[in-house]
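Visitor: Have a look at this prediction, sequence included:
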Amino acid sequence: MLRAFIGLIALVLGGQAGAQTPEWRLQTYDDGAYFSGAISVTSDRDVKLLCGERSARGLSGEQVGNMEPDITRRDSLRLHLGEGVLGAYDGVTQQRQDVLLVVGATGYRLPVVQRNELYSSWEADLPATDAVFAAIAAQPEFEIRSSTGSRTVTARGFQTAHGALTGHCQTMFTAIGKPWSSVPAAAAPVVSMRDVAQASIRSGCGGPARMEPTALHSGDIDGDGLEDVVVYWNGITCSAGYPRPFCGASSCSAEFFVSSLHARGVQPKELLTQGVRMQPLSNGNMGVVTIGTAPTCQRRANCEFTWYWNGRALALLQ
């Protein structure tokens, strides 16, 4: 009944490329086995900057059918360049050192660029804080040159997209115990627990869901000034598949999305309950009241349990 941690899923900044002005945008992905974050130009998929690693949810690649993920080193971003940029593969060369990023009047030669047979592309790993990224952000465009030709690429939106990418990568690597040292923690954006909770619902349902007012309960549980959210699956009906996947005959699953725990990469607390409500506490924080089933009540006068933040974790108020 209880589910594993649901990380950040499918945040897509911007809309469709269509007739819009080409610009760099962020896309993120997490299938439970691996996560990734990538930025690219809306009209040019031949140039992409990304990071990726194991998902904090801990599923195996076999479970989700993902056997060829992008795995990058901590503190680095991977530059993917398609054949549309570097020319068709000659069937022999696996490495090359002829690729130059020209920004303004300055050229930045890439390290060894490796052939990626899976994606029919080339790739090179660069430090997340490489000087070339700051240089690109300060110009309207840059050029990719090699012995096989050149491509001019817009830098519109690059600064914002690169900042969002490094912030996302920092957050996701921290969640698996590999925080980036080259990107200050302050650079990571504040993560909305409501967004995380809603992403968890979409993932649990395998698509959209109808939510009653009882589905989300919010308040500052840990006293950090940020909204925390409790998802109660009794108020959720999935549009696809089984409509009530996390409910039994008398109880449903509740998930506690607490910002302090999420920042440390701790999985949300989950339990079965017959009800959820928020309860103001004397210390100014919000407590969470859950209603147990008869076997869990033991000698209690009622079957209500109050959970509170003890400074490090959620604890049961005795």
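Guide: Cool, got the structure.

Visitor: I'd assumed residue 262 was in a strand, is it?
Guide: No - looking at residue 262 with DSSP: H, G, I helix; E, B strand; the rest coil, it is helix, so not inside a strand.

Visitor: can you pull the contacts of it?
Guide: Listed by CB atoms under 8 Å, 6 or more residues apart in numbering, the contact set of residue 262 reads 175, 191, 193, 196, 268. (Glycine included, C-beta is placed from N, CA and C.)

Visitor: give me that answer again for 7 Å
Guide: The contact partners of residue 262, taken as CB atoms under 7 Å, 6 or more residues apart in numbering, are 191, 193, 196.

Visitor: from what I can see the second one touches residue 231, true?
Guide: If I follow you right, that is residue 193. No - judged on CB atoms under 7 Å, residue 193 makes no contact with residue 231 at a distance of 10.0 Å.

Visitor: who's more crowded, these two?
Guide: A side-by-side neighbour count of residue 193 and residue 231, using other CB atoms under 10 Å, places residue 231 first with 29 against 24.

Visitor: For that one, which non-adjacent residue is closest in space?
Guide: residue 255 (4.4 Å; CB to CB, 6 or more residues apart in numbering).

Visitor: Now that neighbour: which helix or strand?
Guide: strand 252-257 (DSSP states H and E).

Visitor: What is that strand packed up against?
Guide: Contacts defined by 3 or more CB pairs under 7 Å, 6 or more residues apart in numbering; DSSP states H and E place strand 252-257 against helix 193-205, strand 228-232, strand 269-273.

Visitor: Pull out the buried residues from it.
Guide: Going by neighbour count (16 or more other CB atoms under 10 Å), the buried part of strand 252-257 is 252-257.

Visitor: what's the angle between it and strand 269-273?
Guide: Orientation of strand 252-257 against strand 269-273 (axes from the mean of the first three to the mean of the last three CA atoms, to 10 degrees) gives an angle of 150 degrees.

Visitor: Okay, strands next: where are they in the stretch 201-318 of the chain?
Guide: Secondary structure of the stretch 201-318 of the chain (DSSP state E, counting those that start in this stretch): strands at 209-211, 216-219, 228-232, 236-238, 252-257, 269-273, 276-280, 286-291, 304-309, 314-316.

Visitor: Mind giving me the packing neighbours of the last one?
Guide: Other helices and strands packing on strand 314-316, by 3+ CB pairs under 7 Å, 6+ apart, are strand 304-309.

Visitor: mind checking how far the strand it packs on is from the chain centre?
Guide: Mean-position distance between strand 304-309 and its chain equals 29 Å (CA atoms, centre = their mean, to the nearest Å).
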